[in-house]
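S.K.: Okay, sequence plus prediction incoming.
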Amino acid sequence: MTRSFAWALLATSGLIDVAWALSMKYAQGYTKPLWTTVSLALLAAFVYLLGKALQVLDVGTAYAVWTGIGAVGTVLAGAVLFGEALTPLRLFAIALVLVGIVLLKMSSG
């Protein structure tokens, strides 16, 4: 597998992580059978893709990037779907995470 493909798998895994977090919200403490099933399937998918990406990528950088994608994506999705606040401080924090992700990616080669 090429590094480019591994990064694509990692990004996809990060986006699936966002969908997983949202599905957990919709599962309402795993009391909704359909959303619980969706949540578990998404969990399996993102763990599998993350594992494949880690075969090629440095674990520290890849995990940090993956976590950043999940964190930023989930904050933004929470704002859009659930009306969660996007205050100036939260937007600044998102910007810091994004800068960190870019710098980690650039430093990994």
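M.R.: Received it, and whenever you're ready, just let me know what you need.

S.K.: how many neighbours does L42 have?
M.R.: Using other Cβ atoms under 10 Å, L42 has 19 other residues around it. Any C-beta I mention is one placed from the backbone N, CA and C, and that applies to glycine too.

S.K.: Figure out the helix or strand that it lives in.
M.R.: In the assignment (DSSP states H and E), L42 maps to helix 33-53.

S.K.: Give me the next element, helix or strand, following that helix.
M.R.: helix 59-82.

S.K.: That following helix: what's the following helix or strand?
M.R.: By DSSP H and E, the next helix or strand past helix 59-82 is helix 88-107.

S.K.: okay, the angle between that next one and helix 59-82?
M.R.: Relative orientation of helix 88-107 and helix 59-82, computed by axes from the mean of the first three to the mean of the last three Cα atoms, to 10 degrees: 150 degrees.

S.K.: Can you mark which positions in helix 88-107 are buried?
M.R.: 94, 97, 101, 104-105 (16 or more other Cβ atoms under 10 Å).

S.K.: Quick one: residues contacting Y26.
M.R.: By Cβ atoms under 8 Å, 6 or more residues apart in numbering, the contact list for Y26 reads 32, 35, 38-39.

S.K.: pull the helix or strand with minimum mean pLDDT from this structure.
M.R.: helix 88-107 (a mean of 89; mean pLDDT, DSSP states H and E).
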